[in-house]
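[1] One predicted model, sequence on top.
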Amino acid sequence: MGRVVVDVMPKPEILDPQGKAVAGALPRLGFGQFASVRQGKRFELEVDGPVTEEILAAAREAGEHVLSNPVIEDVVAVYEDTQA
């Protein structure tokens with residue numbers, strides 16, 4: 001059994017209130033070295049059998065059409081999770 005990860009992030013021009021809230025909290029908690037935060041989504045898709053190029057292409061297509069809102073989000077990464 002294999003696993004594919006699809007990472008989705010808000011487009012750069014879209015406001016990210018959750019990321020902004022986290023960015024404001026980090027310095028108060030002793031983590032002042034971070035200039036900004038953007039919060040996204042991670043999807044883990046399990047497949048029967050090995051992860052092939054065809055599976056990765058299908059995962060990217062699913063990410064672009066189903067897992068994300070293409071108006072405000074970008075699929076930034078699609079890869080095999082080798083830790084699975």
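    On my side now, so go ahead. Numbering: from 1, shown residues only.
[2] Residues touching the helix ranked longest in the chain, excluding its own?
    Secondary structure of the chain per DSSP state H: the longest helix is helix 17-28. Identification of contacts with helix 17-28 by Cβ atoms under 8 Å, 6 or more residues apart in numbering yields 10, 32, 34, 36-39. (Each C-beta comes from the backbone N, C-alpha and C, glycine too.)
[3] what do you get for stretch 42-53?
    Contacts for stretch 42-53 (Cβ under 8 Å, 6+ apart): 1-8, 55, 59, 62-63, 67, 80-81, 84.
[4] tell me which residues in the longest helix of the chain are buried?
    Buried residues in helix 17-28, counted by 16 or more other Cβ atoms under 10 Å: 19, 22-23, 26.
[5] Adding pLDDT and distance to Phe43, write those residues out as a markdown table.
    Listed next are the buried residues of helix 17-28 as a markdown table, based on pLDDT from 0 to 100; distance: Cβ to Cβ, whole Å:
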| residue | pLDDT | distance to Phe43 |
| --- | --- | --- |
| Gly19 | 96 | 19 |
| Val22 | 97 | 20 |
| Ala23 | 97 | 24 |
| Leu26 | 97 | 25 |
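[6] Just give me the closest of the residues you listed to Val76.
    Using Cβ to Cβ, Gly19 is the member of those that lies nearest Val76, at 14.1 Å.
[7] Sounds good, over and out.
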